[in-house]
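The following block contains a protein sequence and its predicted model.
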Amino acid sequence: MGNVATRKRPGCHHTARSDENEEEEDGPARKRLRIAENHTENEYQKLAFKSRLQKLKNCRPHLKRRTYKVEEAETANRKEFAIPWFEHLFLPEFPTRSVINEKSFILERQLGRGSFGVVYCANAIHDSERKFAIKMQEKREIISKRAVLQVKREASIQRLLPAHPFIARTYSTWQTRTHLYSLLQYPTGSTGDLFSIWRQRGSLSEAAIRLIGAELASAIDFLHRNDVIYRDVKLENVVLDQWGHALLIDFGLAKKLKQGCSTGTICGTLQYMSPDVASGHTYSHYVDWWSLGVLLHILLTGIYPYPNSEATHHANLKFIDYSTPIGCSREFANLMDRMLAVSQTHRLCSFTVLHAHPFFRSINFSKLEQKDYTPASEIGNAEYDTYQQNDETLDDALFKENYDFDRFDYFNDRF
Ligand SMILES: Nc1ncnc2c1ncn2[C@@H]1O[C@H](COP(=O)(O)OP(=O)(O)OP(=O)(O)O)[C@@H](O)[C@H]1O
């Protein structure tokens, strides 16, 4: 897997240019980051000291005034250098002084675990009715896995995105000496993530899949229209509220990518990875529609569409032996055939085509975005018999298999 991480492949020119633009935009912050990355903490402190000395030399040599100036100079310096290296690294995405901070909340319970820390459900101290999800990540872990830029990118993408009914909002981010914090939208009366729900209840009804699928499609289309490719659509990254509405979480693999441009990093969760990503060629936003197809297929049939449950490397993924689900409606079967077609010529690769597909004909997407439908009333009414198919069944351990650790190697230079 190591060679996967460091492999260089050509990206499109536009992508490269858009990355450059990103660098230009936050120039000073990047410069500080570069200084911080190129120096050890000791060297960094020496640099800070030298600069402070220089500023003191520039002060007037009148004693009283000098004393005064020393204080003034130190305050001025503090803005630029007195922030420890461990904090500088995560600026400006995670501010050091934030009005909202960890003291503004009471942690209630753990919701889940991520690669670098824990996500808690929390109550605001001054408003016990309001619940939030607080993601608390350890800086030490992030630095040791060389994922600083990835974490910063995730925070900036999420914070800059306009609000959408089916995407978890990031309200605030901040840092302490040891941890990064993200204050996230918590789905009201959450019933957990789609993976846990699917595991508890088994297959969902087509009516429920139609609504959840339409909500996720609306979220994915919104991301694409905002020049973001998500790259990690899977059951674990969708949480439901008490009415069964979907909320997309975890932007760890998302990337700013202008429509029409392509990128080439091999990343994602193996069982949801499209043939285009796995092949190592460049790809674009359409790969998210493939992953949504896999998710919908699992929700109905309980199995992966292709025999990849045991794959541990993208080169081992097989895109053969697909068979149309049986025992479901003709519309759903056709949707699966289209979304999971290996050939791009036959594949459903856009929201426009999905929106017009007979399976979603009964959905009014404007009403859907107003949350006029209630998926919860359809969840648990499964008519589909999973025993009809005796293909490979899902194994929890394998289901969780993904590139979590490998992917961080290549984030730093070319993600
Ligand atoms: N906004 C949220 N509301 C409810 N639960 C959440 C929320 N965000 C995260 N969780 C829970 O916490 C778990 C871990 O969160 P998340 O996947 O965002 O962390 P991560 O560090 O990005 O993980 P990963 O290693 O998968 O990238 C999720 O699987 C989910 O159960």
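Cool, got the structure. Numbers count the residues shown, from 1 in each chain.

Could you list every helix and strand that the helix or strand harbouring A278 packs against?
Assessed by DSSP states H and E, A278 sits inside helix 275-279. The elements that helix 275-279 packs onto, with contact taken as 3 or more C-beta pairs under 8 Å, 6 or more residues apart in numbering; DSSP states H and E, are helix 287-301. Yep, even glycine has a C-beta here, placed from its N, CA and C like the rest.

Going by contacts, tell me the helices and strands next to the very next helix or strand once past the helix it packs on.
Downstream of helix 287-301, the first helix or strand assigned by DSSP H and E is helix 330-339. Here helix 330-339 touches helix 287-301, going by 3+ C-beta pairs under 8 Å, 6+ apart.

Output stretch 133-153 in CSV with nothing but the alpha carbons.
Coordinates of each C-alpha in stretch 133-153 appear next as CSV, following Å, rounded to 0.1, in the frame of the first residue of the first chain:
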residue,chain,number,x,y,z
ALA,A,133,-21.5,17.3,18.0
ILE,A,134,-18.0,18.2,19.0
LYS,A,135,-15.1,16.6,17.2
MET,A,136,-12.0,16.6,19.4
GLN,A,137,-8.8,15.7,17.6
GLU,A,138,-5.4,15.2,19.1
LYS,A,139,-2.7,17.4,17.5
ARG,A,140,0.0,14.9,18.4
GLU,A,141,-1.7,12.1,16.4
ILE,A,142,-2.4,14.4,13.5
ILE,A,143,1.3,15.5,13.3
SER,A,144,2.6,12.0,13.7
LYS,A,145,0.4,10.8,10.8
ARG,A,146,1.5,13.8,8.7
ALA,A,147,-2.1,14.9,8.3
VAL,A,148,-1.9,18.6,9.2
LEU,A,149,-2.9,19.9,5.7
GLN,A,150,-5.6,17.3,5.4
VAL,A,151,-7.2,18.3,8.7
LYS,A,152,-6.9,22.0,7.8
ARG,A,153,-8.4,21.4,4.4
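
May I see the buried residues of that stretch?
Within stretch 133-153, the residues scored as buried using 16 or more other C-beta atoms under 10 Å are 133-137, 139, 142, 145, 147-153.

ok, S205 - how many residues close by?
18 (other C-beta atoms under 10 Å).

Report whether the expected contact of it with P375 is present.
No. S205 lies out of contact with P375 (C-beta atoms under 8 Å); the separation is 9.9 Å.

Quick check, central residue of this structure?
F251 (1.1 Å; C-alpha atoms, centre = their mean).

looking at this, that one is in a strand?
No. Using DSSP: H, G, I helix; E, B strand; the rest coil, the assignment for F251 is coil, not a strand.

Is it correct that it is in contact with S156?
No. F251 is not in contact with S156 according to C-beta under 8 Å; the separation is 9.7 Å.

Any chance you could list what contacts stretch 325-341?
By C-beta atoms under 8 Å, 6 or more residues apart in numbering, the residues outside stretch 325-341 that reach it are 206, 209, 289-290, 292-294, 296-297, 300-301, 305-306, 322, 324, 346-348, 353-354, 357-359, 361, 384-385, 388-389.

ditto for stretch 356-369
Taking C-beta under 8 Å, 6+ apart as the rule, stretch 356-369 contacts 165-166, 210-211, 213-215, 217-218, 329, 331-332, 334-335, 338, 348, 354-355, 372-373.

Quick one: name the residues of this protein near the ligand.
Taking C-beta under 6 Å from any ligand atom as the contact definition, the chain meets the ligand at 111-116, 119, 133, 168, 184-187, 190, 193, 236, 239, 249-250, 252, 404.

Return the members of those classed as buried.
So, by 16+ other C-beta under 10 Å, the buried ones in the residues of the chain next to the ligand are 111-112, 115-116, 119, 133, 168, 184-187, 190, 193, 236, 239, 249-250, 252.

what about K258, how many neighbours?
When neighbours are counted by other C-beta under 10 Å, K258 registers 16.

Leaving out sequence neighbours, find the closest residue to it.
Distances taken as C-beta to C-beta, 6 or more residues apart in numbering place D227 nearest to K258, at 5.0 Å, with adjacent residues excluded.

shaky segments in this protein?
1-82, 380-415 (pLDDT under 70).

Pick out the residue of it closest to the ligand.
The chain approaches the ligand most closely through G114 (1.8 Å), counting by C-beta to the nearest ligand atom.

And for L160, the neighbour number?
There are 11 residues near L160, going by other C-beta under 10 Å.

Let me see the domain layout of this structure.
85-185, 192-383+393-405 (the TED database).

Single out the most deeply packed of the ones you listed.
domain 192-383+393-405 (a mean of 19; mean count of other C-beta atoms under 10 Å).

Can you tell me how far the nearest residue to I320 once chain neighbours are set aside is from I298?
Nearest non-adjacent residue to I320, counting by C-beta to C-beta, 6+ apart: Y306, 7.2 Å away. According to C-beta to C-beta, to the nearest Å, Y306 stands 12 Å off from I298.

same deal with N364?
From N364 to I298 the distance is 26 Å (C-beta to C-beta).

ok, back up a step: which residues touch the helix holding A278?
231, 266-268, 283, 286-287, 290, 314-315, 317, 319, 342, 344.

Which parts of the protein are strands?
Secondary structure of the chain (DSSP state E): strands at 105-113, 117-124, 127-138, 170-175, 179-185, 192-193, 228-229, 238-240, 246-248, 255-256.

Of these, which is nearest P92?
P92 sits nearest to strand 170-175 of all the strands of the chain, at 9.8 Å, using C-beta to C-beta.

List the neighbouring strands of the closest one plus their orientation.
Strand 170-175 pairs in its sheet with strand 179-185 (antiparallel), by DSSP bridges.

Between strand 127-138 and the partner strand, find me the angle.
140 degrees (axes from the mean of the first three to the mean of the last three C-alpha atoms, to 10 degrees).

List of residues touching strand 179-185?
With C-beta under 8 Å, 6+ apart, strand 179-185 has contacts from 90, 94, 100-102, 117, 119, 132-139, 142, 151, 155, 158, 168-175, 247, 249.

My guess is Y186 contacts N123. True?
No. Assessed by C-beta under 8 Å, Y186 is found out of contact with N123, at 10.0 Å.

what residues are shared contacts of those two?
With C-beta under 8 Å, 6+ apart, Y186 and N123 have common neighbours K131, F132.

Just confirm A217 contacts S350, I think it does.
No. A217 is beyond contact range of S350, at 10.3 Å (criterion: C-beta under 8 Å).

how about the longest helix anywhere in the chain as CSV, C-alpha atoms only?
Longest helix of the chain, by residue count under DSSP state H: helix 206-225. Below are the C-alpha coordinates for helix 206-225, written out as CSV (Å, rounded to 0.1, in the frame of the first residue of the first chain):
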residue,chain,number,x,y,z
GLU,A,206,-37.5,0.8,-1.5
ALA,A,207,-39.6,3.7,-0.3
ALA,A,208,-37.1,4.5,2.4
ILE,A,209,-34.2,4.0,0.0
ARG,A,210,-35.8,6.4,-2.5
LEU,A,211,-36.0,9.2,0.1
ILE,A,212,-32.6,8.7,1.7
GLY,A,213,-31.1,8.2,-1.8
ALA,A,214,-32.7,11.4,-3.0
GLU,A,215,-31.5,13.4,0.0
LEU,A,216,-28.0,12.2,-0.5
ALA,A,217,-28.1,12.9,-4.2
SER,A,218,-29.3,16.4,-3.4
ALA,A,219,-26.3,16.8,-1.0
ILE,A,220,-23.8,15.4,-3.5
ASP,A,221,-25.1,17.6,-6.3
PHE,A,222,-24.9,20.7,-4.0
LEU,A,223,-21.2,19.8,-3.2
HIS,A,224,-20.4,19.4,-6.9
ARG,A,225,-22.1,22.7,-7.8
